[in-house]
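1. Quick one: sequence plus predicted model below, questions after.
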Amino acid sequence: MEASRPLDALNNARNKRVIVELKNNKQYVGVLRAFDIHVNAVLESAEERVGGEVVRKLGVVFLRGDTIILISPEA
Amino acid sequence: MEASRPLDALNNARNKRVIVELKNNKQYVGVLRAFDIHVNAVLESAEERVGGEVVRKLGVVFLRGDTIILISPEA
Amino acid sequence: MEASRPLDALNNARNKRVIVELKNNKQYVGVLRAFDIHVNAVLESAEERVGGEVVRKLGVVFLRGDTIILISPEA
Amino acid sequence: MEASRPLDALNNARNKRVIVELKNNKQYVGVLRAFDIHVNAVLESAEERVGGEVVRKLGVVFLRGDTIILISPEA
Amino acid sequence: MEASRPLDALNNARNKRVIVELKNNKQYVGVLRAFDIHVNAVLESAEERVGGEVVRKLGVVFLRGDTIILISPEA
Amino acid sequence: MEASRPLDALNNARNKRVIVELKNNKQYVGVLRAFDIHVNAVLESAEERVGGEVVRKLGVVFLRGDTIILISPEA
Amino acid sequence: MEASRPLDALNNARNKRVIVELKNNKQYVGVLRAFDIHVNAVLESAEERVGGEVVRKLGVVFLRGDTIILISPEA
């Protein structure tokens, strides 16, 4: 990832599994299908995790950008 | 959902039952009738749920976007 | 309500009794006379309710949009 | 008040005594002399009230809009 | 103060001693030298007060507007 | 400092030691090298202080404007 | 760093190891690859630290700007 703009980096993660962490301490793990300049994001095959445990399977989920702390491709 | 923009994904959910979760930990489940770029959303046949229990039936409800954490089509 | 934009839905509620819920957990019930794109809203014949009880009658009240969680026509 | 825009309603309250409630639970009661689209407001002959008790007389006070929850003409 | 816009009212307070109250419950009292549309403000000969007690003398202080609740000329 | 705009006042403090206080109650003291209209600021030779005690030396630090409460030249 | 604009200072830190501190008290340490005017930032070879301890290795991480308090090149 040699992108000079943060959203280019998100673009490199498109269609890969990512971890999204929210301000309410929940994690969503799924395939990043879409995002925009507000960092609104759409995951597919998404799971909600709390404390590392899967607590819910959500399928497709739209996450509003202003609740997101970080997005990281799964190792 | 092959949309490349998050709002396209919401558009795919229009007229379907969705779960909307707010920053105050409440859930609203109903038919997504409208949304805009601020993620303001309108649900019909809406129920408010707390901890998975239906606590109130609201009919039509307008939800202000900045209180929304996530929107997900019901499985 | 077949409106495709959330503010159209609010427009359908104009001059009807609505419930407005704020981030501070208070409810205001009154006739929706005005609103704008920020979701600033004006109610007439307004009552403040906490826990379902009327705690105050306010007559006309201007509610600042960024404090509003939801607006729903009274059933 | 037949205004269709919320700020028209505030305009009807100009030069009248109003109650302004802030996010920090304080009330300011005074004559509404000025406001703008951010809902910044200026009161004259203003009193600060907490729990219904006058705790301070402020004369002229500028209140920043983003701290305001509601404005209501005094009954 | 017959100004119809809130910032005109602040302009009338320029070069006078004002009380500025912040969201963190601290007060700053000093001579209002500058402000802008964001309500960023600069005080000279400023004192920080907590609970009515002077806890610090600051000389010149720039206060970021989004932390300000109110500005009032000292009686 | 006879500037009529708050950012002119910050400009007068450029290349001088300033105290920057953040919403999280931490203080950063250092030489103000840069700032912008969002009040983003860069300090050099910066120290982090909590309760008046130096807890960390940071060298150069970029502080995001929306976390800043006040900036004051050191007496 | 003689830059007069804060983002120039961030540019000087590009491709160097930086500490990024968030509003939730977590630190991320990694190589700064990208940032933008919102202070969204991308780190590579990133570690999450809490209380000075490495608690997680993240590889590439996108950090949303509005959660960031400070960015500082590692000493």
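-> Here it is on my side, so go on. Numbers count the residues shown, from 1 in each chain, chains lettered A, B, ... in the order given.

2. Can you tell me which residues in chain A are near chain B?
-> By CB under 8 Å from any CB of the partner chain, the residues of chain A that approach chain B are A:22, A:24, A:28, A:33-36, A:40-42, A:44, A:46, A:57-64, A:66-67. No exception for glycine: its C-beta is placed from N, CA and C like everyone else's.

3. so where do the helices sit in chain A?
-> Listed in chain order, the helices of chain A (DSSP state H) span A:6-12.

4. Please name the residues that touch the residue in it positioned nearest to chain C.
-> Going by CB to the nearest CB, chain C is nearest to A:D66 of chain A, at 12.5 Å. Contact analysis of A:D66 by CB atoms under 8 Å, 6 or more residues apart in numbering or on different chains lists A:38-39, B:66, G:66.

5. Pick out the residue closest to the middle of chain A.
-> Taking CA atoms, centre = their mean, the centroid of chain A lies closest to A:V20, which sits 3.5 Å from it.

6. who are the neighbours in contact with that one?
-> A:27-30, A:41, A:43, A:63, A:68, A:70-71.

7. of the residues you listed, closest to B:P6?
-> A:A41 (6.3 Å; CB to CB).

8. and the closest one, how many neighbours does it have?
-> 26 (other CB atoms under 10 Å in any protein chain shown).

9. if we can go back for a sec, the contacts of A:D66: which two are farthest apart?
-> Across these, the two lying at the largest distance from each other (CB to CB) are A:V39 and B:D66, at 14.0 Å.

10. From A:V61, how far off is A:V42?
-> A:V42 sits at a distance of 7 Å from A:V61 (criterion: CB to CB, to the nearest Å).

11. now do A:A41
-> The value you get for A:A41 to A:V61, if CB to CB is used, is 9 Å.

12. Could you verify my assumption that A:F62 touches B:N11?
-> No - in this structure A:F62 lies outside contact range of B:N11 using CB atoms under 8 Å: 10.5 Å.

13. So for the two, which residue has more residues nearby?
-> A:F62 (28 against 14).

14. show me the contacts for the more buried one.
-> A:40-42, B:6, B:9-10, B:13, B:70-72.

15. next one: A:V61
-> Here A:V61 is in contact with A:28, A:30, A:42-43, A:46, B:70-72 (criterion: CB under 8 Å, 6+ apart).

16. Specify the beta-bridge partners of the closest residue to A:L32 other than its chain neighbours.
-> Nearest residue to A:L32, sequence neighbours excluded (CB to CB, 6 or more residues apart in numbering or on different chains): A:V18, at 4.7 Å. Bridge pairing for A:V18 (DSSP bridges) gives the partners A:G30, A:P73.

17. Tell me the predicted confidence for A:V18.
-> pLDDT recorded at A:V18 is 98.

18. Assess the claim that it and A:Q27 are in contact.
-> No - A:V18 is not in contact with A:Q27 according to CB under 8 Å; the separation is 10.3 Å.

19. When the two are compared, which one has more neighbours?
-> Between A:V18 and A:Q27, counted using other CB under 10 Å, the more crowded position is A:V18 (24 against 19).

20. Now do the same contact list for the closest residue to A:L22 other than its chain neighbours.
-> Excluding the flanking residues, the one nearest A:L22 by CB to CB, 6+ apart is A:T67, at 4.8 Å. Residues in contact with A:T67 (CB under 8 Å, 6+ apart) are A:22-24, B:23, B:69-70.

21. same deal with A:R14?
-> A:32-35.

22. Beta-bridge partners for the nearest residue to A:D8 once chain neighbours are set aside, please?
-> Nearest residue to A:D8 in three dimensions, chain neighbours excluded: G:A34, at 6.9 Å (CB to CB, 6+ apart). Per DSSP bridges, the residues bridged to G:A34 are G:V42.

23. what's near enough to touch G:A34?
-> Contacts of G:A34 (CB under 8 Å, 6+ apart): A:3-6, A:8-9, G:14, G:41-42.

24. One more pass at 10 Å, please.
-> A:1-10, G:14, G:40-44, G:62 (CB atoms under 10 Å, 6 or more residues apart in numbering or on different chains).

25. Write the ChimeraX selection for whichever of the residues you listed are buried.
-> Buried members of the contacts of G:A34, defined by 16 or more other CB atoms under 10 Å in any protein chain shown, are picked up in ChimeraX with:
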select /A:1,6,7,9,10 /G:40,41,42,43,44,62
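
26. Out of the contacts of A:D66, which sit inside strands?
-> In strands, defined here by DSSP state E, there are no members of those.

27. Quick one: neighbours of A:R49, just the number.
-> 15.

28. what's the spacing between the nearest residue to it once chain neighbours are set aside and F:L32?
-> Leaving aside its sequence neighbours, A:R49 sits nearest to A:Q27 (CB to CB, 6+ apart; 4.3 Å). Note on A:Q27: its distance to F:L32, by CB to CB, is 38 Å.

29. cool, and A:A46?
-> 44 Å.

30. quick one, which of these two is more surrounded?
-> Set side by side, A:A46 and F:L32 show more neighbours around A:A46, with 25 against 22, by other CB under 10 Å.

31. How much space separates the residue of chain A found nearest chain F from C:G30?
-> Here chain A gets closest to chain F at one residue, A:D66, 12.5 Å apart by CB to the nearest CB. In this view, A:D66 and C:G30 are 29 Å apart by CB to CB.

32. same question, A:F62
-> Counting by CB to CB, the gap from A:F62 to C:G30 is 32 Å.

33. Check A:E47 too.
-> Applying CB to CB to A:E47 and C:G30 gives a distance of 43 Å.

34. Write out the residues of chain A neighbouring chain G.
-> Residues of chain A lying close to chain G by CB under 10 Å from any CB of the partner chain are A:1-10, A:12-13, A:18-21, A:23, A:25, A:35, A:37-39, A:65-75.

35. now with 7 Å?
-> Residues of chain A lying close to chain G by CB under 7 Å from any CB of the partner chain are A:1, A:3-6, A:8-10, A:39, A:66, A:68-73, A:75.

36. show me where pLDDT drops low in chain A?
-> In the predicted model of chain A, residues A:1-3 satisfy pLDDT under 70.

37. was I right about A:A13 contacting A:L32?
-> Yes - assessed by CB atoms under 7 Å, A:A13 is found in contact with A:L32 at 5.3 Å.

38. give the contact list for A:K16.
-> A:31-32, A:73 (CB atoms under 7 Å, 6 or more residues apart in numbering or on different chains).

39. Mind picking the one among those residues that's closest to chain E?
-> A:L32 (31.9 Å).

40. mind checking how far A:H38 is from B:K23?
-> 16 Å.

41. Chain neighbours aside, what residue packs nearest to A:A41?
-> A:F35 (4.5 Å).

42. State the pair within the contacts of A:F62 that is farthest apart.
-> A:A41 and B:A13, at 14.9 Å, using CB to CB across these.

43. Surely A:I19 and A:A75 touch.
-> No - counting by CB under 7 Å, A:I19 stays clear of A:A75, with 9.1 Å between them.

44. the more surrounded of these two?
-> A:I19 (18 against 10).

45. residues in contact with the more buried one?
-> A:27, A:29, A:72, A:74.

46. Repeat the analysis, applying 8 Å as the threshold.
-> A:27-29, A:70-74.

47. Please apply the same query to A:A13.
-> A:32, A:71, A:73, G:60, G:62.
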